[in-house]
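>>> make a model of this:
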Amino acid sequence: MNFQRLTAITAILCALGAISQPAQAGTLHKDWNYAIDSFNDGVSGGQVGGGIFEFYGFAIKESNGKIIVALNSNLPLSGKSDPLATNGSISYGDIFFNFTDQNFKTASDNGDLFAIRFAEANDSGVATIGVYKNAIGKNVTLTNSGFSSLDQYNNYVQTAGGTPSMADLAANDPYFEQTGYGTVLNSIASGTKIGDINFLSAAALSEQGLDFGYFGATGSQTVAFSLDKSLLPNGNFIANFFAECANDGIAIQGELKSVPEPSSLAGLGALIGLILIRRKGRKIDLAS
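Alright, predicted model coming up:
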C-alpha cells in the first residue's frame, strides 16, 4: 500500500476514535471517571477514618446524552442527626462544577460556577434539588458543628494519624481557600435553576458498570443521579463537594467533550471510503 495513503487512513481513523471517546480524566475504569479519596480522613466525633463522615469516592460518566454522578461514602442522603445543627441534621453540601481557570473562591465570587443540590436535608440557599448556573457558594460549617477552615481540618486529621486528601487534589491545594474563619464554601448561596436531576437505583448503576469496589472504596452508601448533558458546558472542569461540617470532601478533575453530529461521523466514514477506492474505482491492492 502507498505509504502516504496508509498514513492518511491512519490519521483519519485516529481522529474518528478521538472524537468518540468518553470524557478524559484522572482515573478511568469502564467508562467512568473516578476520584478516590483517602480512606482515613473523615472526622466523626472523636474518630478519624471509617466513621459516618468518611467519603470514599466520586465518579462521573457520560452516557446517551446524560451525565451520571455517583458518590460513595458512609453518610446517608438524609444526613446525620445533630441537635446543634441548623435543621437538626448534618448532610452533604452541594456539588460545584468549575469550568473556568479561576480558583474556587474567585469563580464563586464571580458567579461562574455550576452547582447541583442533591440533598434535600441540607442547608442550601436554593429552594429545590436540581442543577443551577451562575452559582455562588457559601459556608455552612459554622452552623453544622464543623471546621472553620480547611487548614483546621487538615491539622486535626494529621494530628490524629489520618491522611487528609481531596482525592484528585492535595488536601492543601491552593485551588481552595485554606485559612480564615468560615472559608469552606460548601453550599449554594444563590443561583439560577436550569434543570432537574433523576436519582438512579442500584440496578441502574450496575447496568452502567459503576464499580467503586474496584478501588477498594466500599462505603455503606452510594448516592447517584443523572442530568441532561446539555445543562453543563463542554471543557475541563474541577467538581467538588464537602460534608456540611467539612469533616470530609472530594474533588474530581475531568473533561466534558462535545458529542459529534451524526453527519460528521458519516462524513468521516465517507472520506475513509474514498481513500480506500482508487480514482478509477478499483480496490486498493493491499499487497502493493
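>>> C-alpha from now on. contacts and neighbour counts both.
OK.
>>> how close does G45 sit to S148?
16 Å (CA to CA, to the nearest Å).
>>> so which of those two has more stuff around it?
Neighbours per residue, other CA atoms under 10 Å: of G45 and S148, the larger number sits with S148, 21 against 10.
>>> which residues does the more buried one contact?
Residues near S148 by CA atoms under 8 Å, 6 or more residues apart in numbering: 141-142, 180-184.
>>> same question, N40
Each residue near N40 by CA under 8 Å, 6+ apart is listed here: 48-50, 54, 162-164.
>>> how about 6 Å then?
Contact analysis of N40 by CA atoms under 6 Å, 6 or more residues apart in numbering lists 49, 162.
>>> please identify the helix or strand for it.
Assigned by DSSP states H and E, N40 belongs to no helix or strand.
>>> which element is Y56 on?
Taking DSSP H and E as the definition, Y56 sits inside strand 55-63.
>>> what sits up against that strand?
Against strand 55-63 from outside (CA under 6 Å, 6+ apart): 32-37, 67-73, 217.
>>> where does the prediction get shaky in the stretch 1-150 of the chain?
1-26 (pLDDT under 70).
>>> helices along that one, start to end?
Counting by DSSP state H, counting those that start in this stretch, the stretch 1-150 of the chain has helices at residues 3-19, 104-109, 150-159.
>>> and the shortest one, C-alpha only, in PDB?
Coordinates of the C-alpha atoms in helix 104-109 are reproduced here as PDB (Å, rounded to 0.1, in the frame of the first residue of the first chain):
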ATOM      1  CA  PHE A 104     -12.800  28.100  43.600                       C
ATOM      2  CA  LYS A 105     -13.400  31.300  45.600                       C
ATOM      3  CA  THR A 106     -12.800  33.600  42.600                       C
ATOM      4  CA  ALA A 107     -15.200  31.600  40.400                       C
ATOM      5  CA  SER A 108     -17.700  31.700  43.200                       C
ATOM      6  CA  ASP A 109     -17.300  35.400  43.800                       C
END
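>>> tell me the buried residues in that helix?
Residues of helix 104-109 classed as buried by neighbour count (16 or more other CA atoms under 10 Å): 104-108.
>>> ditto for stretch 88-108
Going by 16+ other CA under 10 Å, stretch 88-108 has these buried residues: 89-99, 104-108.
>>> closest one of the buried residues of helix 104-109 to G254?
F104 (15.4 Å; CA to CA).
>>> can you tell me how far that closest one sits from D37?
For F104, the distance to D37 - CA to CA - is 19 Å.
>>> equivalent analysis for S145, please.
Counting by CA to CA - S145 and D37 are separated by 22 Å.
>>> okay, these two: which has more neighbours?
D37 (28 against 18).
>>> could you double-check that that one sits in contact with A167?
Yes: the criterion here is CA atoms under 6 Å, and D37 meets it with A167 at 4.1 Å.
>>> if we can go back for a sec, buried ones among the contacts of S148?
Buried among these by 16+ other CA under 10 Å: 141-142, 182-184.
>>> ok, back up a step: going by distance to A202, which of the buried residues of helix 104-109 wins?
The closest of the buried residues of helix 104-109, once distances to A202 are taken by CA to CA, is F104, at 32.0 Å.
>>> all strands for the stretch 151-288 of the chain, in order.
187-195, 198-199, 221-228, 235-242, 249-256 (DSSP state E, counting those that start in this stretch).
>>> which one of these is the most hemmed in?
Comparing those by mean neighbour count (mean count of other CA atoms under 10 Å), strand 249-256 ranks first with a mean of 23.
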